[in-house]
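Chemist: this one's sequence-less:
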């Protein structure tokens, strides 16, 4: 009989999500640090494709906190993720397959696709959105290297 047994994968995901939330708070102070939106998007995508939906219990609060700290519309990241995973990702996977070589493309899509989604969101609801910045490209380049590290951990 085993005692004090915990599911180590859930603990790992829990501590990573706590790290993500603390890190997003730090990115409000230091603007050159990437906010890890692309990394969270790719991790969510990998777990979604494995049909392991438990990670969304930890990533949804991260996305909501990300929106609140950056002044973005409420639940826009969740809508973007749902739109991407339900509509765009199956069509992309059907055409190109399931290669890990596309992960850098998904990081760029996370930032620039979300920015385009915000423009559509603002156009439909007549809301204001943040201005485009060259830092998005810098964030995406940094997160391409970080996503391989986080995929290795998770």
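Modeler: Right, received. Where do you want to start? Because the structure is a prediction, the values reported are computed rather than measured.
Chemist: alpha carbons only for contacts and neighbour counts from here, please
Modeler: Noted.
Chemist: now what about the helix-or-strand element of the chain with minimal mean pLDDT, what contacts it?
Modeler: Ranked by mean pLDDT, DSSP states H and E, the helix or strand of the chain with the weakest confidence is helix 8-27, at a mean of 79. Taking C-alpha atoms under 8 Å, 6 or more residues apart in numbering as the criterion, the residues outside helix 8-27 that touch it are 33-36, 55, 58-59, 62, 65-66, 69, 154.
Chemist: If you count neighbours, what's buried in it?
Modeler: 13-14, 16-17, 20-21, 24-25, 27 (16 or more other C-alpha atoms under 10 Å).
Chemist: Kindly report the same for stretch 49-57.
Modeler: Under the neighbour-count criterion of 16+ other C-alpha under 10 Å, stretch 49-57 has residue 55 buried.
Chemist: And for stretch 133-142?
Modeler: Across stretch 133-142, burial judged by 16+ other C-alpha under 10 Å covers 136, 139-142.
Chemist: From residue 68, how far out is residue 58?
Modeler: From residue 58 across to residue 68, the span is 16 Å (C-alpha to C-alpha, to the nearest Å).
Chemist: Looking at these two, which is more packed in?
Modeler: Between residue 58 and residue 68, counted using other C-alpha atoms under 10 Å, residue 58 has the larger neighbour count: 20 against 13.
Chemist: OK, contacts around the more buried one?
Modeler: If you count contacts by C-alpha under 8 Å, 6+ apart, residue 58 has them with 13-14, 17.
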